[in-house]
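> Need coordinates for the below:
(2 chains)
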Amino acid sequence: MIEINDVHKSFGTLQVLKGISLNVEIGEVISIIGSSGSGKSTLLNCINALEPIQGGHIFVDGTDVHAKGTDVNKLRQKIGMVFQQWNSFPHLTTLENVALAPRIVVGKTRQEAEDIARRQLEHVGLGDKIDVYPNKMSGGQQQRLAIARALAMEPDYMLFDEVTSALDPELIGEVLDTLRLLSEEGKTMLVVTHEIGFARDVSDRIAFVRDGVIEEIGPPSQVIQNPQSEHTRQFLSNVR
Amino acid sequence: MEQSASTIQFFTAFQLSDIWFLGEAAGRTLLIAALSIPGGTVLGIFFGWVLSVSGWAGASSLGLILDVFRSVPLIIQLILFFNFFPIIGIPLDPFQAGTVVLVFYTSALVAAIARGGIEAVEVITRRAARSLGMTYWQDLRYIVFPIGLRAVLPAWTGVALGVLKDSALVSVIGYVELLRASQILIIRTQQPFLIFAVAGVFYFALSFPIARIMERLEQKWQND
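Predicted structure coming up:
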């Protein structure tokens, strides 16, 4: 499980996270909602040590992520991440994009890595695109490629950072469908999103983040249908 | 009549064996280029990487030294270094001195290009690589290097062809490469037009394959 314990994070003098605590159990899907700049994406980057933190602790399966001596490269193999801006490796085919990390990071043979890659591309509906280079694909396809690439490392946790925000409206559906599929398969997921309807459908719990803290957290039936906090209510009425 | 007979004894016309003489000299040009272009490129990539990670400190120390190599005319560098090495007790022959200077000169040109290549790779792409568990070096080797290379290959080709031709300047310190050999033959034959034409053909024969291979590579990558 992921244990986030009173985490503080600032960029220079700007305090972004002001004491966030959250536990993610195995198999759980948690959505994080909130306005832009509230610290949602930063939190994800802190979980796999892409950003350092200034206070608190994050434990992943008991390992203190930000402790000195923690092997972050080892740790990141457990945590798949997909970003807002798609970022396929432009010099590699779809298959090579997905097979690269299993081969060089995990040490699988080329054959094994490509088998895994084929399976994961199949999984996200890109089975017919294995020899295509990313620049020939749509944003939605590239995001699904990024998901397959992360899944190929067989991570225990998946972090999604506003993966549909940079997409044209007609491409959002295919990516959300992929996420929905993963949630049905029981993946542990932490999803930062602006798609409230999607969050309501797939989440076990939804956290509303405001101004660097979790303002409200609970099942969708609470946070979306019957928010306890005035701020949550206000946010939801603004995005609807 | 008497006059012209004695002239012929000083100057002999261009013969077939002179082509061999020029060919040998072209081989020497190729040798010095084949050492200094790859050597300077490897060193230049390293310098470019240092510049890209060291920020202000790197720009003001290493960057400044490289700027000197880039801005002082090569001919001056060659003469200075060739005369400087014996002073510090390491006498180098013209070939060695020329190669050393060309390696540093090339590295200074390549460093700026390499730095541009590294910075052409988007931060988000590198983050994605690291998020998959790649180490810093794996990210450099498998992501940054190939993407950056594609971005700067045309610029590098320009440097490589430039250095190949600039290597003619090594003649000023006495190394008999293609240009120097041509001048020697011209003195003997008094046929500058013909000999420079032959030398030009040799230079073309050296440059053309490089230009062509790089062009092919660019096209291949573009079709990817």
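> Can you classify the nearest residue to residue A:57 once chain neighbours are set aside by secondary structure?
Spatial nearest neighbour of residue A:57, excluding adjacent residues (C-beta to C-beta, 6 or more residues apart in numbering or on different chains): residue A:5 at 4.6 Å. In this view, the C-beta of every residue, glycine as well, is placed from N, C-alpha and C. Recorded secondary structure, residue A:5: strand (DSSP: H, G, I helix; E, B strand; the rest coil).
> who's in contact with residue A:5?
A:21, A:56, A:57, A:58, A:59 (C-beta atoms under 8 Å, 6 or more residues apart in numbering or on different chains).
> Just send these back as JSON lines, with secondary structure, pLDDT and distance to residue B:17 too.
Listed next are the contacts of residue A:5 as JSON lines, based on DSSP: H, G, I helix; E, B strand; the rest coil; pLDDT from 0 to 100; distance: C-beta to C-beta, whole Å:
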{"residue": "A:21", "secondary structure": "strand", "pLDDT": "93", "distance to residue B:17": "88"}
{"residue": "A:56", "secondary structure": "strand", "pLDDT": "92", "distance to residue B:17": "83"}
{"residue": "A:57", "secondary structure": "strand", "pLDDT": "93", "distance to residue B:17": "82"}
{"residue": "A:58", "secondary structure": "strand", "pLDDT": "95", "distance to residue B:17": "79"}
{"residue": "A:59", "secondary structure": "strand", "pLDDT": "94", "distance to residue B:17": "81"}
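> mean confidence score for the longest helix anywhere in chain A?
Longest helix of chain A, by residue count under DSSP state H: helix A:169-184. The pLDDT scores in helix A:169-184 average 90.
> swap in stretch A:144-153?
pLDDT averaged over stretch A:144-153 gives 94.
> Return the distance of the residue nearest the centre of chain B relative to residue B:157.
By C-alpha atoms, centre = their mean, chain B has its centre lying nearest to residue B:163, at 2.8 Å. In this view, residue B:163 and residue B:157 are 11 Å apart by C-beta to C-beta, to the nearest Å.
> Ok, residue A:224 next?
58 Å.
> interface residues of chain A facing chain B?
Residues of chain A lying near chain B by C-beta under 8 Å from any C-beta of the partner chain: A:48, A:50, A:73-74, A:76-77, A:79-81, A:83, A:85, A:87, A:89-91, A:93, A:100-101, A:104-106, A:133, A:146, A:149-150, A:153.
> For PyMOL, what selects the buried ones among the contacts of residue A:5?
Buried residues among the contacts of residue A:5 (16 or more other C-beta atoms under 10 Å in any protein chain shown), as a PyMOL selection:
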select buried, chain A and resi 56+58+59
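> if you go through chain B in chain order, where are the strands?
Under the criterion DSSP state E, chain B contains no strands.
> Quick check: which ranges of it have low pLDDT?
B:1-9, B:224 (pLDDT under 70).
> Near chain A, which residues of it are found?
Contact residues (C-beta under 8 Å from any C-beta) of chain B with chain A: B:122, B:124-125, B:127-135, B:138, B:142-143, B:146-147, B:150, B:221, B:224.
> Please list only the buried members of the residues of chain A next to chain B.
By 16+ other C-beta under 10 Å, those give A:48, A:50, A:73, A:76-77, A:79-81, A:83, A:85, A:87, A:89-91, A:93, A:100-101, A:104-106, A:133, A:146, A:149-150, A:153 as buried.
> All the helices of chain B, in order from the start?
All helices of chain B, identified by DSSP H, fall at B:2-10, B:16-60, B:62-71, B:74-87, B:94-119, B:123-131, B:136-138, B:145-166, B:178-189, B:192-223.
> tell me the most buried of those helices?
helix B:94-119 (a mean of 23; mean count of other C-beta atoms under 10 Å in any protein chain shown).
> Return the member of the contacts of residue A:5 nearest to chain B.
residue A:58 (15.1 Å; C-beta to the nearest C-beta).
> ok now do the closest residue in space to the closest one that isn't next to it in sequence, which residues does it touch?
Closest residue to residue A:58 apart from its sequence neighbours, by C-beta to C-beta, 6+ apart: residue A:65 at 4.4 Å. Residue A:65 makes contact with A:46, A:47, A:48, A:49, A:57, A:58, A:59, A:72, A:75, according to C-beta under 8 Å, 6+ apart.
> got the angle between the helix or strand where residue A:119 lies and helix A:169-184?
Using DSSP states H and E, residue A:119 sits within helix A:110-123. Interaxial angle of helix A:110-123 relative to helix A:169-184 (axes from the mean of the first three to the mean of the last three C-alpha atoms, to 10 degrees): 110 degrees.
> Quick check: next helix or strand after helix A:110-123?
helix A:139-151.
> following that next one, which helix or strand comes up?
Following helix A:139-151 in sequence, per DSSP H and E, is strand A:157-161.
> Report all helices and strands that that next one contacts.
Packing partners of strand A:157-161 (3 or more C-beta pairs under 8 Å, 6 or more residues apart in numbering or on different chains; DSSP states H and E): helix A:40-47, strand A:79-82, strand A:188-192.
> Great, nothing more from me.
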